[in-house]
Structures are given as structure tokens and as C-alpha cells.
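> coordinates only, no sequence provided:
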Ligand SMILES: Nc1ncnc2c1ncn2[C@@H]1O[C@H](COP(=O)(O)OP(=O)(O)OP(=O)(O)O)[C@@H](O)[C@H]1O
Ligand SMILES: [Mg+2]
């Protein structure tokens, strides 16, 4: 048997030896290709975000008054000065966790089914059905849920059809109603990211695990789930962030109980016209979300490391 | 450890039959190669034996027990896949330990078994690496260690060496054979490479058109191919078609004799001779007594180091090949006339 290090050594060499000119041109090309993306990012994301950050340190709304700008960090203390905001934030986080969790619980099996049990036409059709919520207007989608969930609504009728004895069922204006609407809106993200992760799993890996004595639940836990994890993580990030900031679903499906950070912040911009407070609350939530991600990523890394 | 027997195996995919009444015994502790052209159903047969696929009809027995309906995870087979199928999210040691964990062997006992298996494939010290950090040959050895560490009853190998370069492949062939002998595992080895099949195996089986067309020890299958397909698929063969007349076969190149029994007088017959059995003689030279001989014209000499191949044409323009040691190869220009001679002992009569 040859010395174990030779094959890698031989393979690594060519890239080191590549001539200078060869590398310079791809660098320029790469920069040119990235330029539109970064320009767009700058204009569409960082400029507005920077403006918001600036607003968040102002004492009052800068528009409409000739008064000189007064800077203050007081808006960042909103959680201390208005303790009810803590409850609101907790409601938002609960919404985030429930929605993300349910999306993961539905999205991963769906992605597995699409990737492993369908092909060709059927796969395209199932895919289209899965991302249908993307194609419908948000308001239409949410209002159609109100018809379904309200007392005397379609769900109520259905339940009575099956179980005539029970009292009326009205989910509307409750926490679960908000979660249902949010799951419906954001499930496609989870299906898509999980599908990408799951579709890359070689059939032979599953055959190998089974030939080594693993039954299907074990195959799922030891092979499929770890390999689908990147998809679950990116799907969760894609879902958690907008759910925390959502305001349409909580408002329409949650009614009186649908007070979330999203609705509070929206109120600051559209009703109370207090942009500085709205901005400060947005950035506080951003900080909380980032802290949660940091916590989870360190937990995940600890779990994945040998 | 146990012999494998398949009987009356049929399998079709979407109406197209792939295996058609395959029957075969893989003797206990033997190394059997399964050869056949691409798409002949080698992988399908292997997957049916392993339990990855259910046959439409027929039975599979391992060690005398019918396992046709035994689920895969209970069959206790070791499989090395063409793509290796190592778990990318696990270290080498975890990959090898996977099957042990499924059997409930954990902790120190599992570590000892893993170390022994990795030592067998000469990969000590690679425990912590991920599959991506290994070369193709190393990955292949991990796959082998993972398949044998659970002490399976049968080892199935689906072209495990096809991705390797020639040198590493030869090393791995020797290695594979050593490990197989040491462990005494009944082994079924699928390969495209006829030379590999001949050098490695105790027995060779040739699959064509959904059936096993011939099976036996390598030398026998090579020296006595039963059909035209077996003769041309396993090794090279010069074919001469003609009609049986007066105890010989009358061909356009003249009458040719064989020691094997010929079909009835007047029936068509095909004779074959391996290129290495053909002696190139100068034109007009007398062939050894009793030998078959034909006149031919040299088209090209293909030099391959130790050996050379003479590509010739008979008077009718049919191609003929002749292998000889480069030392003995006649130094002739294309177009030169030669006389080719070979013994009737080496003249095969082909059916089919
Ligand atoms: N899952 C499947 N669905 C449909 N057809 C299949 C399937 N598996 C195999 N086949 C068909 O069965 C035939 C035999 O396939 P198989 O993989 O057994 O061939 P093979 O002898 O292993 O070929 P190769 O040497 O190229 O690997 C092929 O024609 C293939 O297209
Ligand atoms: Mg194959």
C-alpha cells in the first residue's frame, strides 16, 4: 500500500502553481459579476437601514418641524419604561418558535416525499402546489383564512358535519389562528430549503445504512436528519425573522390578542407617527433575534462536532 | 458465512425484462465474479441478493435459508457500493462503527472492532478524518472496512474498483483478495473488467440477456467458452464461420479442424481461437504437423511494451488478431504476407 499522504499531496499542487495572470483575471471578473448585487444591497438595504438607525437616536420625528435635531438613546430603553412591551416581545418570539417549528415538522417530510417519491410531471405539480402561497396576495390569503376559521365558518360547518353534537368551533382571533396563517405563508421557504438539502442525499447512503442493519426510523435519525440539517437551519432563519416582524397575520387573524412587536412597530410608523421609537424597537428586536441565532448556532456546532 | 443460491429469478422494470430466470450457486467462502456488458442486470442481481430490491419471481437462499422475503436490515450482508456511499457527516471511525452500533455493540468493544477493521485495510490513524478528506482508494478501503466489520454472511461488491487508477486498482485487487481469504467471506464481485475477473476469482459467471450464459473456474470459462458471446466478451477471439464437411469446418480460409466435437455433417459451425494461441509464421513456411493454418496479410502491429498485437486480414478480408511477445514479433511492414498456425486443441467450437 502506498504512503497515505501522496494522493492528497499530488492533488493539492496544481492550484498553488497556477501563474499570476491566470488568477488576476478571474478576480476582476468576479468583482464585476458581484458589483450589481453589492450595489443593489447598498441602495436597497444598507441605506434605508442606516437611515433607520439614525432616526432611532432622534428625540422626535424629523419631518414637518423646523426644530433642530435632538439626539437621545431613550427609545432603546422602551422595554424598561414600557414593561408591557416585554409581554408583546414574548408573544412575538412564541409566534416565531411555533411557526418555525410547525413549518419544520411539515416542511421536512414534504420535502422528503417530493425528493424521494416523485419524479417528472408529478414532482413539478406537487412543487407548484407547495409554493402556491407565494403566488397569492397576502391579504387575500389571510382573509380567506378568516372565512375558514371564524365561528360559523367553513371549518365550523365541517366539524358539525362530522360531529353534530359539539358546540361551535371558532379559532379566529386566537394565537393558533395567527400561527395557522403564518405557517401557510412561510411553509414554502422550509419546503424549498429542505428539498435542496434532501435532494442531494445519495440513495446509496440510505441503502448502505439499511444494509448495515438500520431500520427506517434509525435511517431517518442517523442519516437523513443530519444531512437535512443545513436545509432546516436556513429555512428556520428565513422564516423566523419575518415572522417576528409580521403584522398582517396577527392583526387580521389575532384581532384583539394579536398585539405583537410587528403590530406595535407598524403602529409607531403609521398611527403614532413616532418613527424614532419604531426604529429603536426594530433594532432591539433585530438584536434579540441575532442573539437567539448566536445561541442556536453554538448549540448546533457543539452537537455536530465529534 | 454461507453459500448463496438464487433460483428462477425474474425481474423487469416497467415491462422490460432485465433478469430472466437466473439460477446460480455462489459457493461458501468463494470469490465469484459476475461479468457482463453494461445493462445486463449485474447490479440488479446483486441488489436482489442483498435485498435492496425484490424479485418478481424466484427465490434467494443464504446458507440454506430462504431469505427472499427477509427485510434488508435483517439479512446480514455487507455491501460495497460503486460510489462507496460513505456517510459524509461522520468520521471514518463512526462510518465503520455504524453497523456495530446497529447490532448494539458500543463503547470499548466497538472501538476495538473498528480499530481491527481499519488495521485490516491499512488505514490506522485515519479514524478522525471525514470521507471528503480521503483519496478515492482510501474511501474505498473505508467502505470495505465498514462492510466487513459487522461480520456479514455474504460480501457484495458492485464494481468497487472502477473509479481507481490502474496502479491503485492492482494494489486493491491484491488487498481485496487477501482480506477475502483471511475472512473466508462468500463474496460476489461485479466487474466490467475481464482481466480483474480472471485474476481475482475462484469462479466467474457471465451474464447476458438476463441469463447466466456460462459459469465456472476462470481458466475453464476462458479456455472453453460455451457461446460466441462468452468467447468474445471474456478475452479476444478470432472467429471462423463455415460448414461441417469431412470432420472439419470448411471456411473461406480453408478447412479447419478442432478436437472438440463438431455439429452434424453439413451444419453451419463457428470455430474460434484465442489470439495468443496463434503462431505467426513466415509466408510459405510449413506449419507444425496437424495444425490449422491460414494465410493472412499484416495490417498493423500494435506495440504495447511487453507484448505486441498483430492485426491481420485473411484472404477474404476478415480481421484476425495475434498476440505475441514483443521479442518474438516479426519485424514486418504492413502488407507483408504471413501464415498463421494453431493447434486443433486450441480450436473452440462455439454454440449460439
Ligand atoms: N430502478 C430502475 N428502474 C428502471 N430501470 C432500471 C432500474 N434499475 C435498472 N434498470 C434497468 O435494468 C437494466 C439493468 O440494469 P443494471 O443496473 O442491473 O445493469 P448493470 O449490468 O449493472 O450495468 P452496468 O454495468 O452499466 O452497471 C438496465 O437496462 C437499466 O436501465
Ligand atoms: Mg451496475
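Sure, I can see it. Note that the coordinates shown come from a computational prediction; the quantities given were computed from them, not determined experimentally. Ligands and ions are numbered 1, 2, ... in the order given.

> select the longest helix from chain A.
helix A:84-117 (DSSP state H).

> list the buried residues of the next helix or strand after it.
Later in the chain than helix A:84-117, the nearest helix or strand by DSSP states H and E is helix A:120-130. Buried residues in helix A:120-130, counting neighbours by 16 or more other Cβ atoms under 10 Å in any protein chain shown, are found at A:127, A:130. (Each C-beta comes from the backbone N, C-alpha and C, glycine too.)

> rewinding a little: any idea of the mean pLDDT for the longest helix of chain A?
Helix A:84-117 shows an average pLDDT of 94 in the prediction.

> what does chain B put close to chain A?
Counting by Cβ under 8 Å from any Cβ of the partner chain, the residues of chain B close to chain A are B:50-52, B:72-79, B:81-83, B:85-89, B:91, B:94, B:98-99, B:102-103, B:122-123, B:126, B:128, B:133, B:135-138, B:146-147, B:150, B:168, B:171, B:175.

> hmm, try it at 6 Å
Applying Cβ under 6 Å from any Cβ of the partner chain, one finds that chain B approaches chain A through B:52, B:72-73, B:77, B:79, B:81, B:83, B:85, B:89, B:91, B:98-99, B:102, B:122, B:135.

> which one of these has the most neighbours?
Of all these, residue B:79 has the most neighbours under the rule other Cβ atoms under 10 Å in any protein chain shown, reaching 30 neighbours.

> any idea how far that one lies from ligand 1?
Counting by Cβ to the nearest ligand atom, to the nearest Å, the gap from residue B:79 to ligand 1 is 14 Å.

> for that residue, helix, strand, or coil?
strand (DSSP: H, G, I helix; E, B strand; the rest coil).

> which pLDDT value belongs to it?
94.

> do residue A:16 as well
In this prediction, residue A:16 carries a pLDDT score of 41.

> lowest-pLDDT helix or strand in the chain?
Reading this off chain A. The weakest-scoring helix or strand in chain A, judged by mean pLDDT, DSSP states H and E, is helix A:6-16 (a mean of 41).

> meant chain B, my bad for not saying
The weakest-scoring helix or strand in chain B, judged by mean pLDDT, DSSP H and E, is helix B:166-183 (a mean of 85).

> what comes up buried for that one?
B:168, B:169, B:172, B:173, B:175, B:176, B:177, B:179, B:180, B:183.

> swap in stretch B:133-145?
B:134, B:135, B:137, B:138, B:139, B:140, B:141, B:142, B:143, B:144, B:145.

> now do the SS call for residue B:242.
Recorded secondary structure, residue B:242: strand (three-state DSSP).

> isn't it up against residue B:250?
Yes. Taking Cβ atoms under 6 Å as the definition, residue B:242 is a contact partner of residue B:250 at 4.9 Å.

> so the two - more neighbours on which side?
The neighbour count for residue B:242 versus residue B:250, taken as other Cβ under 10 Å, is higher for residue B:242 (18 against 15).

> excluding chain neighbours, what is closest to that one?
residue B:251 (3.6 Å; Cβ to Cβ, 6 or more residues apart in numbering or on different chains).

> mind checking which of the residues of chain B next to chain A land in helices?
Residues of the residues of chain B next to chain A located in helices (DSSP H): B:98, B:99, B:102.

> which residues touch the last one?
Applying Cβ atoms under 6 Å, 6 or more residues apart in numbering or on different chains, one finds that residue B:102 lies in contact with A:212, A:213, A:214.

> gap between the residue of the stretch 101-250 of chain B found nearest ligand 1 and chain A?
Residue nearest to ligand 1 within the stretch 101-250 of chain B: residue B:192 (5.8 Å; Cβ to the nearest ligand atom). Using Cβ to the nearest Cβ, to the nearest Å, one gets 18 Å for the distance from residue B:192 to chain A.

> what about residue B:335, neighbour count?
So residue B:335, with other Cβ under 10 Å, has 8 neighbours.

> got it, and residue A:173?
Counted with other Cβ under 10 Å, residues neighbouring residue A:173 total 18.

> in which helix or strand would I find it?
Using DSSP H and E, no helix or strand contains residue A:173.

> am I right that it is in contact with residue A:255?
Yes. With contact defined as Cβ under 6 Å, residue A:173 reaches residue A:255; the gap is 3.6 Å.

> so where's the chain uncertain?
No chain was given, so I picked chain A. Residue ranges of chain A with pLDDT under 70: A:1-24, A:302-306.

> chain B is the one I meant
Looking at chain B by pLDDT under 70, you get B:1, B:352.

> contact partners for the spatially most central residue of it?
Most central in chain B under Cα atoms, centre = their mean is residue B:197, positioned 3.3 Å from the mean C-alpha point. Residues in contact with residue B:197 (Cβ under 6 Å, 6+ apart) are B:33, B:35, B:191, B:204.

> so what's it closest to, chain neighbours aside?
Leaving aside its sequence neighbours, residue B:197 sits nearest to residue B:33 (Cβ to Cβ, 6+ apart; 3.8 Å).

> what sits opposite the one you found in the beta ladder?
Beta bridges link residue B:33 to residue B:189, residue B:204, judged by DSSP bridges.

> surely it touches residue B:204?
Yes. Using Cβ under 6 Å, residue B:33 is in contact with residue B:204, at 5.0 Å.

> from residue B:184, how far out is the closest residue to chain A within the stretch 151-300 of chain B?
Evaluated by Cβ to the nearest Cβ, the stretch 151-300 of chain B has residue B:171 as its residue closest to chain A, separated by 6.3 Å. Distance from residue B:171 to residue B:184, counting by Cβ to Cβ, to the nearest Å: 22 Å.

> what of residue B:127?
From residue B:127 over to residue B:184 the distance is 26 Å, taken as Cβ to Cβ.

> which residue ranges make up the domains of the chain?
The chain I'm using is chain A. Here the domain assignment for chain A is A:1-56, A:74-304, based on automatic domain parsing.

> the chain in question should be chain B.
Following the TED database, chain B resolves into domains at B:4-229, B:236-350.

> sorry, back to before: just the ones of the buried residues of stretch B:133-145 in helices?
B:137, B:138, B:139, B:140, B:141, B:142, B:143, B:144, B:145.

> ok, the fourth one - contacts?
Contacts of residue B:140 were listed using Cβ under 6 Å, 6+ apart, and they are residue B:160.

> mind doing that once more with 10 Å?
Shown in contact with residue B:140 (Cβ atoms under 10 Å, 6 or more residues apart in numbering or on different chains): B:80, B:82, B:84, B:86, B:121, B:134, B:157, B:160-161, B:163-164, B:168-169, B:172, B:175-176.
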